[in-house]
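> Give me the fold of what follows.
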Amino acid sequence: MKPLIVLLSVFVLSLLTRKIVRGNFEFAQSGQMAMSVMLVFTAIAHFIFTKGMSMMLPNFIPFKTEIIYFTGILEISAAIGLFIPCFRVVTAWLLIIFFILILPANIYAAIKHIDYQKGTFNGNGLRYLWFRIPLQILFILWTYLSATKKW
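Numbers count the residues shown, from 1 in each chain. The predicted structure follows:
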């Protein structure tokens, strides 16, 4: 829920700021800004809640902590890449693939009732997926539309 709030808040703030400063709404650039801030926000969680996020990966996966740190670095890199014109579209497509690849970890965490912030098995469970799966789809569409300037 927090990433969605960050995404939408930064989008609205950026959109209004651009309207005041430049005189027009720049949806794609505001969308890129919002996605970048949201990515940095979620990346920070990889370093703060490493133990809980490691629990989101099945036991057969080795180097869980390293994977969590690596994905945090990937999110920060993507946040930067969305602002570099020659890398924007490639970054967006890689980010879309990333969003698809992390969905199984979210499903696994929901099945196992993992609360990644507390590092416990007292999470929301399967009902969380009713929110998380549409959220992943929103992130994918958002990334595509803002990077390709389709809006």
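> only C-alpha atoms for contact and neighbour calcs from this point on.
Noted.
> Could you tell me the per-residue confidence at the closest residue to A109 other than its chain neighbours?
Leaving aside its chain neighbours, A109 sits nearest to M56 (4.8 Å; criterion: C-alpha to C-alpha, 6 or more residues apart in numbering). You'll see M56 listed with a pLDDT of 94.
> Now for M56, how many residues are close by?
M56 is flanked by 26 other residues according to other C-alpha atoms under 10 Å.
> backbone phi and psi for it, please?
Torsion angles at M56 (phi, psi; degrees, to the nearest 10) stand at phi -70, psi -10.
> doesn't Y108 make contact with it?
Yes - counting by C-alpha atoms under 8 Å, M56 touches Y108, with 6.4 Å between them.
> circling back: which residues touch the residue nearest to A109?
105-106, 108-109, 114, 116 (C-alpha atoms under 8 Å, 6 or more residues apart in numbering).
> 7 Å instead?
The contact partners of M56, by C-alpha atoms under 7 Å, 6 or more residues apart in numbering, come to 105-106, 108-109, 114.
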